[in-house]
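Trainee: generate a structure from the sequence data that follows.
(chains A, B, C, D and E, ligands or ions: 5)
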Amino acid sequence: MQLILSCHNVMVDFSGFKALQGVDLQVQNGEILFLIGPNGAGKTTLLDVICGKTKSTNGEVLFNERISLTKLPEQKIVHEGVARKFQAPSIFLQLTPFEILEIAMKQKKGLFSILIAKMSKAQQEKIELLLKKINLYDVRNDLAGSLAHGQKQWLEIGMQLIQEPKLLLLDEPIAGMSGEERTKTGELIKEIAKTCSVLIVEHDMDFVRKFSTRVVVMHEGRVLCEGTMEEIKENEEVKNVYLGRSG
Amino acid sequence: MSIIVTQLFNGISLGSILLLIALGLAITFGLMNIINMAHGEFIMIGAYTTYVLQQAFIQYLPQSVFSYYFIIAIPLSFIVAALIGLLMEKTVVRFLYERPLDSLLATWGVSLILQQVARSIFGAPNVAVVAPEWLNGALTLNVITFPYKRLFIIALVLMSIFTLVLYLYKTPSGRRMKAVTLNRDMASCLGVSTRRVDSTAFALGSGFAGFAGCALTLIGSIGPTLGTAYIVDAFMIVILGGVGKLKGTIIAALMLGILSTFVELSTSATIAKVIVFAFIIIFLQWKPTGLAGVKVRALD
Amino acid sequence: MLSVYDLQAGYDETMILRNVQLKIPKGKIVGLLGRNGVGKTTLIKVLMGLLPVVHGKIQFEEKEWRNERPEHRARAGMAYVPQGREIFSDLTIKENLLLGMEAIPKSKRSSVIPQEIFEWFPVLEEMINRKGGDLSGGQQQQLAIARAIISNPKLLLLDEPMEGIQPSIIQLIQDVLVKISREKEMSILLVEHNLDAVLACADLYYILDKGRMVMNGQCDEINEDELQKHLAV
Amino acid sequence: PAKETGSDTSSSSSDGDTVQVGILHSLSGTMAISEVSLRDAELMAIEEINAAGGVLGKQIEPIIEDGASDWPTFAEKAKKLLQQDKVATIFGGWTSASRKAMLPVVEQNNGLLWYPVQYEGMEESPNIFYTGATTNQQIVPAVDWMLENVGKDIFLVGSDYVFPRTANKIVNAQLETKGGTAVAEEYTPLGHTDYNTIINKIKTAKPDVIFNTLNGDSNVAFFKQLQDAGISADDIPVLSVSVAEEEIRGIGTTVLEGHYAAWNYFQTTDTPENIEFVENYKAKYGDDRVTGDPIEAAYIAVYLWAEAVKKAGSFDVEKVKEASDGIEFKAPGGVVKIDGETQHIYKTVRIGEVQANGQFKEVWNSGELIKPDPYLKTYDWASGLGQ
Amino acid sequence: MKKYSQGAYYGLFFLLIFIAPFMLSDFRVGLLAKFLCFAIIAVGISLIWGYTGILSLGHGVFFGLGAYCMGMYLKIEASPSGVPDFMEWNGITELPFIWTLFKNPFFAISAAVILPFLIASIIGYFTFKNRIKGVFFSLISQAVVVVTVTLFIGSQQITGGTSGLTNFFTVFQLPLADPEIKRLLYFLTAILLAAVMSLSLLLTKTRFGRLLIAIRDGENRLRFLGYNPVSFKVFIYALSAAFSGVAGALFVLQVGIISPEMMGIIPSIEMVLWVAIGGRHSILGAAIGAILTNSAKSFLSEAYPEFWTIFLGGLFLLVVLYLPNGLAGLVQNVQKRFSKKDKKEAEKHAADSLVS
Ligand SMILES: Nc1ncnc2c1ncn2[C@@H]1O[C@H](COP(=O)(O)OP(=O)(O)OP(=O)(O)O)[C@@H](O)[C@H]1O
Ligand SMILES: Nc1ncnc2c1ncn2[C@@H]1O[C@H](COP(=O)(O)OP(=O)(O)OP(=O)(O)O)[C@@H](O)[C@H]1O
Ligand SMILES: NC(N)=O
Ligand SMILES: [Mg+2]
Ligand SMILES: [Mg+2]
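Mentor: Ligands and ions are numbered 1, 2, ... in the order given. Alright, predicted model coming up:
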């Protein structure tokens, strides 16, 4: 089975503070890999490195076993097929969900292609379909700024989906969602996983249990251990630093 | 050799003046994000305050005490400018915290008004402030002269920086000020009375401008358009230093002061001006958030 | 402690809260549940004074609150942990915490941070001089909570405080909340999606839907499927 | 203020029993410090003339506009005065730039402009009368005087615009033939406020005298900082051509003590007309106000125009121009005479030394009226400059 | 319904502009012509500021460059000896090389557009690539102004220094003073304004327009959607610079003077003021803002030559304080008041989102 993403000994140093101290991580093609770990373990930072937001001080990130992402600028990384949802929803407050998806949609994204871009019937339907799927069809013409937190979360997931990525990075996608929606989101992610690999950071153990095949635990900038949720649960160290008495 | 030393002193002296005019802006613009185009006019207010006080001394007090008027002028110009600043905050600026760019336009209007008002009160021609005796003359160390006025201004600047740093970084009130400028709503949810903080901050910034105005009467002209000569430099220094970074502002002022004096020595005032501003442009390319600017983690 | 009578509020065009009734007894933890976008955050914002009351009444400590500014409510004993944390990203953790004590009247205010805070949230002590903006999501959340309870408020408004927090810390926070509500007789309004979390520490619960409270009662005699019906999408 | 006449009726302004004239100076912006006084002087002259029965039986009605220290605005307002208000003439301007902006307007609309400030010459517009000195009535004699009485090494400092640059061109040419040397030539942007570096250069160059063509505010900074640097008039005297009594008042009288200025008029100039002029001016605008060369030139401009109109018996521009030649007038600064050919005026050149009270003590004058020669045609050393 | 009303506004606007020459005195028409040039600048600024969130305090430079390009041609045509008068005073006897290029009117005119575009592209490319944002960019643009102006003033021999270029008589041997020519130029300006406005509208109504707004809201987020904001920002910035260049060229033709002051800090800031007053989020608003603000300026300065700056300043204050979105914003609010329909819709949406 082929690797969609592999990180070797990735290090990040924030003016003295070592947020990542040599992370090794593989994501198989088409799998849903969960990344868990204590607050401040470096999960978000790792995603930042993968999608080019933070430059690693050391180490290598290979995409599809060929392309090195550490050198590429953000938008190039996206073109390779890496999409990323941020921990705090980061959408365009002055646009409507429909418009946002129109922009996010997979398409030629150069200046001149955009200058001449026209909305095709197919694209229109594609966007509306997705809007229904993420429960925003009714608010599609409101300003995104006026959406509730949860709605923003979904919109942002939508923004990533419509790019049809090969690898999807989700940072706490269900934060601020109620039980029902969590399940829905889970289903959604499952569906996505049919067409692309997913790397999810999440703290909600029930959710992880429900939807994970493989789980990686990070701690203090390193990978602590990995395995199925069951295996992880039994790991003493994980209990101490992360799970606590529950789980 | 001596010319170099003199130039170095001139550079530092110019830097100290630039710093003096930028200090107030470092608060109103640097911290409060009010693009205060009327800053120059507060400098003017400080200058005219000094002038008025001088006239009062000439009018009502014996010649013998005249030379002390400047001692009083320093705090007075601060107070007058601060009060007018306070008034402006309550009537105009207050409504603009949420939209900093609009503040540029409103304060521009204010500056137009203040200039004309000054012209109507004091007349269009420049007025003169006679420096007190004890500030005339210069300290001469083997052929190099250090004018007392310049030394005095440098001292003033050091003093103001000291107090300002103390205030911002060591007092709760300074902390509140930073909090409010960072996130007004949250600050008030924590019990900080944002209104008071805002007014204080803006008054403080205006006060420092008035302060600068008082000092400038020693070396420059006093007229209704006095402020326009300094406003741009002031902004450039705050920007170059990194908005909201006092340390940066200080370094920037000295850097520009020394740079421009030395370039001017070997070329001309015009070329020096071009080079200094070109330097600012290029420097910011290299450090987009200024000298002491820091990258924040937030996405936007 | 706090009572809300047929409250109506929202954003300029749209009324989000149509007719809300709510009672928070002294020293009790009240869980507020509801689907995304029903108006939980809106309600808290109204209580804190960040949004105006259009109609209805808010009573806190025998005083009726209409459009007093947030700082007055804070000094009267309300504290707020917003959804999305809103910590001061350019200030250090220490400064953030000190600002939390602004609500305490000057006379009683000290300039040292009470040790108990660090006992509850050790991570904050480790990073005491780091910029708030550099903290991880969870760390920021902990800071936000610490900043709120540091002033010993009478009423604590929490908007999804468990969001993005590791399980062990969630338990920790739950314990802390229960502890302070008991010891300091602090009333707490806990907006939370995570039902288990609510049931774990809340005494009472309310469910908000379609702009009004559709269900409320004691947590221990809660009717799960009834409740699920309301939370269902 | 002008009355809004939407579409213009081609009514000449001299209908009825008033004649309208335009007054166009900077009342706002950086040049207002100098120009407002010129407006005052012109208004005073108009008042006096009106009191004496006006011109051709008509009262003069001034229409004041603000040039706002902005050249295109000068052009716009001049156009407005000529096209909209149909004024008989305009009195206005200070900087050469403002004059050059108004020039095409007055020419294209065949209007009349009276320009009251000393300037760099090289200009003879058929539609402009120049009542300030041209170069051979101020700069040239001033340089001669310096060479004779002060010294041969001259340091040139000026603001960076057309008047100083042209002036210094002339000075350089003059020095070459008269055996002086320009040890340095420094220009600073208008509104420049830090002169330490230039002063440092002066110290190292050790000139006998500084020839100063700085404009407005810059003079304040320059002289204050020169004094602080410990350079007094005894060490190196400064001869200025744009520093009059009013500028001195704005710098501080003591600061300039002992320095020189070249003009055609000083407040201290001893003529009966001047005593009266100064009296009236102070009476009208306050005891603290002072007169000065540009103020006087603005004042006489109005009188000269009135005289020309009377002589022509008409307000018509062409007729007024024809009539103007040879008109004499007892000005506060002494008798002046219009030279119809160049439309400049004959003037007496004076050099004064600043006293402690900020007034000038005349140390030299040309004794006779100097014929204006804007292109310096009669000075062979100047043949290289322009045509 | 909304579209329709917008069209109506535009129609009315241009109707007024095209009948104005027949209602006003030549002098007023001359002023209006000048204001139309300013309107062209305003449209460009609303594109970068209102839509893209880039506040340029240096558009005077591009206006000036356009004006000087045109002015050089006119100056040569106005110099019988082939060498501009101010050069002769500086003892320059033959035309400097750069000037010779501008003997050709077509070169001059195209330069008036292309030069600003190029220079803006260069400045924009570096500043945007280095992620210089917000007020940092604004002040850099001011620094650019200072540099340019100082250079123009300093090199008097070739630029005419402070006085700038003036005293032109003819364009293509046609007398500029001639009323017919003036009228012709007026309509040319009006037509170009119309062209510039329609182009801008087109841009903003398309996907490109939404992208501009996205850049304003958060360009970094856009990077993670696979866009490179730099190229978009550079393009729109350069485009608005080109607009200013066009305006500059038309300005010299009709006003007959260009001086460094005109590209200085003050005019540059005033340009932004016009847009703010008209409404930065509306193309039409910006244009109207430019015209009204300058009309007010002319009127006030004529009516109160002593105190007009006080009134003008007060006007700026009031508008900024009470009309955050300028006149356009005001009109929108009024519309809302009248058509309760909007309100109903809002309610409905809210309801939807509640049962989502
Ligand atoms: N720009 C920065 N400067 C300094 N330290 C930083 C910076 N960004 C992150 N850190 C530190 O790096 C560590 C890892 O942060 P990160 O956000 O990756 O944690 P995380 O695993 O995402 O935690 P959480 O689950 O709470 O989101 C944290 O201790 C944080 O304080
Ligand atoms: N600033 C705003 N302007 C207009 N409408 C808004 C604004 N903020 C929120 N809304 C709307 O108000 C409704 C309630 O929002 P609110 O954030 O209170 O919901 P919530 O219960 O907190 O949802 P969540 O659980 O996702 O946080 C939503 O439909 C949202 O679209
Ligand atoms: N004519 C002058 N002094 O500009
Ligand atoms: Mg994280
Ligand atoms: Mg919420």
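
Trainee: would you map the helices across the stretch 51-200 of chain D?
Mentor: Remark: helices assigned in the stretch 51-200 of chain D by DSSP state H, counting those that start in this stretch are D:71-79, D:96-108, D:139-149, D:162-178, D:196-205.

Trainee: these: which one's closest to ligand 5?
Mentor: helix D:71-79 (56.2 Å; C-beta to the ion). Using the backbone N, CA and C atoms, a C-beta is placed for each residue, glycine as well.

Trainee: so who does C:Arg147 touch?
Mentor: By C-beta atoms under 8 Å, 6 or more residues apart in numbering or on different chains, the contact set of C:Arg147 is B:190, C:81, C:87, C:96-97, C:99-100.

Trainee: the helix or strand where C:Asn96 lies close to chain B?
Mentor: Element membership of C:Asn96 [criterion: DSSP states H and E] is helix C:93-100. Yes. Counting by C-beta under 8 Å from any C-beta of the partner chain, chain B has neighbours in helix C:93-100: C:95, C:98-100.

Trainee: which of the residues you listed lies closest to E:Phe316?
Mentor: C:Leu99 (36.0 Å; C-beta to C-beta).

Trainee: just to revisit the earlier point, which among the contacts of C:Arg147 gets closest to chain A?
Mentor: The nearest member of those to chain A, counting by C-beta to the nearest C-beta, is C:Ile87 at 12.0 Å.

Trainee: quick one: neighbours of that closest one, just the number.
Mentor: 24 (other C-beta atoms under 10 Å in any protein chain shown).

Trainee: give me the below-cutoff pLDDT ranges for chain C.
Mentor: C:232-233 (pLDDT under 70).

Trainee: for the lengthiest helix in it, which positions count as buried?
Mentor: Using DSSP state H to define each element, chain C has its longest helix at helix C:167-183. Of all the residues in helix C:167-183, those buried under the rule 16 or more other C-beta atoms under 10 Å in any protein chain shown are C:167-174, C:176-178, C:180-181.

Trainee: before we move on, what about stretch A:77-97?
Mentor: So stretch A:77-97, judged by 16+ other C-beta under 10 Å, has buried residues A:77-78, A:80-97.

Trainee: get me the contact residues on chain C for ligand 2.
Mentor: Residues of chain C lying near ligand 2 by C-beta under 6 Å from any ligand atom: C:11, C:14, C:16, C:34, C:36-42, C:83.

Trainee: what parts of chain A come near ligand 4?
Mentor: Counting by C-beta under 5 Å from the ion, the positions of chain A adjacent to ligand 4 are A:44, A:87.

Trainee: helices of chain A, start to end?
Mentor: A:43-50, A:74-80, A:97-104, A:111-115, A:121-133, A:149-161, A:179-193, A:205-211, A:229-234, A:236-238.

Trainee: between those, which one is nearest to C:Val46?
Mentor: Per C-beta to C-beta, nearest to C:Val46 of the helices of chain A: helix A:149-161, 16.5 Å.

Trainee: is the closest one positioned near chain B?
Mentor: No. Using C-beta under 8 Å from any C-beta, helix A:149-161 stays clear of chain B, coming no nearer than 11.7 Å.

Trainee: likewise for stretch E:234-241?
Mentor: No. Counting by C-beta under 8 Å from any C-beta, chain B has no neighbours in stretch E:234-241; the shortest distance is 14.4 Å.

Trainee: any residue of that stretch touching chain A?
Mentor: Yes. Shown here: stretch E:234-241 in contact with chain A (C-beta under 8 Å from any C-beta) through E:Phe235.

Trainee: average pLDDT for that stretch?
Mentor: Averaged across stretch E:234-241, pLDDT comes to 98.

Trainee: that older thread, nearest to ligand 1, out of the helices of the stretch 51-200 of chain D?
Mentor: Each of the helices of the stretch 51-200 of chain D has some distance to ligand 1 by C-beta to the nearest ligand atom; the shortest is helix D:196-205, at 43.3 Å.

Trainee: what's the angle between whatever helix or strand comes next after that closest one and helix D:196-205?
Mentor: Sequence-wise, the next helix or strand downstream of helix D:196-205 (DSSP H and E) is strand D:209-213. For strand D:209-213 against helix D:196-205, the angle by axes from the mean of the first three to the mean of the last three C-alpha atoms, to 10 degrees is 150 degrees.

Trainee: what does strand D:209-213 contact?
Mentor: Contacts of strand D:209-213 (C-beta under 8 Å, 6+ apart): D:142-143, D:146, D:150-151, D:153-159, D:163-164, D:167-168, D:171, D:202, D:219, D:222, D:236-243.

Trainee: in three-state terms, label the residue most central in space within chain E for me.
Mentor: Central residue of chain E (C-alpha atoms, centre = their mean): E:Ile41, 0.9 Å from the mean position. Assigned with DSSP: H, G, I helix; E, B strand; the rest coil, E:Ile41 falls in the helix class.

Trainee: surely it touches E:Met271?
Mentor: Yes. In this structure, E:Ile41 is within contact of E:Met271 by C-beta atoms under 8 Å, at 5.4 Å.

Trainee: who touches both of those two?
Mentor: Both E:Ile41 and E:Met271 are contacted by E:59, E:63, E:290, under the criterion C-beta under 8 Å, 6+ apart.

Trainee: now those residues as a markdown table including distance to chain D?
Mentor: Formatted as a markdown table, the shared contacts of E:Ile41 and E:Met271 follow (distance: C-beta to the nearest C-beta, whole Å):
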| residue | distance to chain D |
| --- | --- |
| E:His59 | 17 |
| E:Phe63 | 12 |
| E:Ala290 | 16 |
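
Trainee: quick one: residues contacting residue 204.
Mentor: All of this refers to chain A. Contacts of A:Asp204 (C-beta under 8 Å, 6+ apart): A:174, A:182, C:194.

Trainee: that answer is for a different chain, and I need it for chain D
Mentor: B:Ile3.

Trainee: from D:Gly292, how far off is the residue most central in space within chain D?
Mentor: Note on chain D: the residue nearest the mean C-alpha position is D:Val117, at 1.6 Å, using C-alpha atoms, centre = their mean. As judged by C-beta to C-beta, to the nearest Å, D:Val117 and D:Gly292 stand 11 Å apart.

Trainee: what number of residues lie near the residue nearest to B:Ile258 when sequence neighbours are not counted?
Mentor: Nearest residue to B:Ile258 in three dimensions, chain neighbours excluded: B:Gly11, at 3.3 Å (C-beta to C-beta, 6 or more residues apart in numbering or on different chains). The number of residues packed near B:Gly11 is 23, by other C-beta under 10 Å.

Trainee: list the helices and strands the helix or strand encompassing B:Gly11 packs on?
Mentor: In the assignment (DSSP H and E), B:Gly11 maps to helix B:2-25. Judged by 3 or more C-beta pairs under 8 Å, 6 or more residues apart in numbering or on different chains; DSSP states H and E, helix B:2-25 is in contact with helix B:39-60, strand B:144-147, helix B:148-170, helix B:194-216, helix B:231-241, helix B:246-266, helix D:196-205.
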